[in-house]
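> 3D, please:
(2 chains)
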There are 2 protein chains.
Amino acid sequence: MKEKGLLIVLSGPSGVGKGTVRQAVFSRPDAKFEYSISMTTRKPRQGEIDGIDYFFKSREEFERLIAAGKLLEHAEYVGNYYGTPVDYVKQTLDSGKDVFLEIEVQGAKQVREKIPEGLFIFLMPPSLDELESRIVGRGTESVELIHNRMDAARREIELMSLYDYIVENDNVDLAVDRINAIVQAEHLRSERIAGKYIKMLEVK
Amino acid sequence: MKEKGLLIVLSGPSGVGKGTVRQAVFSRPDAKFEYSISMTTRKPRQGEIDGIDYFFKSREEFERLIAAGKLLEHAEYVGNYYGTPVDYVKQTLDSGKDVFLEIEVQGAKQVREKIPEGLFIFLMPPSLDELESRIVGRGTESVELIHNRMDAARREIELMSLYDYIVENDNVDLAVDRINAIVQAEHLRSERIAGKYIKMLEVK
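Modelled structure (predicted):
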């Protein structure tokens, strides 16, 4: 029987740089993850492409997919839906490949309930001031929205201990190194691979 | 309060190359471990130095230290005692530094009972044939002793699932990379570091 792939869930407060870190993870030449593209009803930001960065959907389409059980998780966040199509994730894990999800904190909680053996990584800002300046620096948000996002961020950070690992995003390259070390280590856990070696003994 | 160091225990069957891997771990320029030197009653092999490779002791001295509770673990293996002085390990962990133990399988079991939160890594030969040829190649053992060691190795490998991680020693450099990834990942576990980040929120 083929060993199942690992589900790696990267989450963290809005503005912490999840998207940037995810892109950097996948830009490494030795990246061995399958990326699960999220679905959203929010408008594409400059440069974002449908089917690459996200599947961009209307509210009606999104709600139809929720009703049909086609989402592993979904959340409404600052007025928009975000979600993860379930079929792709399950098929890819079954084929033995690791799947990398970059999702919001509300969604990560739902994935934990459905796939508790997943690997949950919380991306942490070096400080709250730094987080605020990143949200402001993005330049896409009103003052009120910035306050909302900071409040949401504080609440999200409090959920941090529900995760398996905490990775500080003080530097994108270092954050990627840490994530790669976590994934490499998890593949060496004895409960995952002892069976393979025990077979080796039986052959003798 | 200072975060305690990690206790890293590298073990595995006799002949798998624990000593070679341990030396390679410590020869990396970024190695951040404190090495706990073991005590033994076996005779020094060519090139081994007292107080660097091992503390070489007589049987009488060793038994006196056991009786005085001065060993974290000890084992008798192919007619010789091996053990780990306890004071150094506890003081170093308390000071916040990681301690690296390279010990026999019997001893690792005792450490697990006393320090269950340690990080236990089982070093695995790529195959039993490979293990046998390494033991033979060492050239220090009689045919009978080689048979004894292979029997012991099989029994030791069966204990593998008591460990947290399994690292194959197909290549020393790769084995060291794997060990370093495991240690880096363990330092990012949320139960270890969430407290530090929660303090950050309280400051605001």
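> who in chain A is up against chain B?
Residues of chain A found near chain B (C-beta under 8 Å from any C-beta of the partner chain) are A:122, A:124, A:127-128, A:154, A:157-158, A:160-167, A:177-178, A:180-182, A:184-186, A:188-191, A:193-194, A:197-198, A:200-201, A:204. Yep, even glycine has a C-beta here, placed from its N, CA and C like the rest.
> now the helix or strand hosting A:Val89: mean pLDDT?
For A:Val89, the element it lies in under DSSP states H and E is helix A:86-94. For helix A:86-94, the per-residue pLDDT values average out at 92.
> helix or strand right after that helix?
Sequence order places strand A:98-102 as the next helix or strand after helix A:86-94, per DSSP H and E.
> rewinding a little: in the helix holding A:Val89, what counts as buried?
Neighbour counts over helix A:86-94 (16 or more other C-beta atoms under 10 Å in any protein chain shown) mark A:86, A:89, A:92-93 as buried.
> quick revisit: now, the residues of chain A next to chain B that are in strands?
A:122, A:124, A:165-167 (DSSP state E).
> check contacts around the spatially closest residue to A:Arg154 that is not a sequence neighbour.
Nearest non-adjacent residue to A:Arg154, counting by C-beta to C-beta, 6 or more residues apart in numbering or on different chains: B:Leu201, 6.4 Å away. Residues in contact with B:Leu201 (C-beta atoms under 8 Å, 6 or more residues apart in numbering or on different chains) are A:128, A:154, A:157-158.
> can I get stretch A:142-160 as PDB, trimmed to CA atoms?
This file holds the C-alpha atoms of stretch A:142-160, laid out as PDB (Å, rounded to 0.1, in the frame of the first residue of the first chain):
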ATOM      1  CA  SER A 142      -9.400  51.900   4.400                       C
ATOM      2  CA  VAL A 143      -8.600  53.000   8.000                       C
ATOM      3  CA  GLU A 144     -11.700  51.300   9.300                       C
ATOM      4  CA  LEU A 145     -10.800  48.100   7.500                       C
ATOM      5  CA  ILE A 146      -7.300  48.300   9.000                       C
ATOM      6  CA  HIS A 147      -8.700  48.500  12.500                       C
ATOM      7  CA  ASN A 148     -11.000  45.500  11.700                       C
ATOM      8  CA  ARG A 149      -8.100  43.500  10.400                       C
ATOM      9  CA  MET A 150      -5.900  44.200  13.400                       C
ATOM     10  CA  ASP A 151      -8.700  43.200  15.800                       C
ATOM     11  CA  ALA A 152      -9.200  40.000  13.800                       C
ATOM     12  CA  ALA A 153      -5.400  39.400  13.800                       C
ATOM     13  CA  ARG A 154      -5.300  39.600  17.600                       C
ATOM     14  CA  ARG A 155      -8.100  37.100  17.900                       C
ATOM     15  CA  GLU A 156      -6.400  34.800  15.300                       C
ATOM     16  CA  ILE A 157      -3.100  34.900  17.100                       C
ATOM     17  CA  GLU A 158      -4.800  33.700  20.200                       C
ATOM     18  CA  LEU A 159      -5.700  30.500  18.300                       C
ATOM     19  CA  MET A 160      -2.000  29.800  17.700                       C
END
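> now tell me what touches it from outside.
A:12-16, A:77-78, A:105, A:109, A:122, A:124-125, A:128, A:131-132, A:135-136, A:141, A:166, B:190, B:194, B:197-198, B:201, B:204.
> how about that stretch: buried residues?
Residues of stretch A:142-160 classed as buried by neighbour count (16+ other C-beta under 10 Å): A:149-150, A:152-153, A:156-157, A:159-160.
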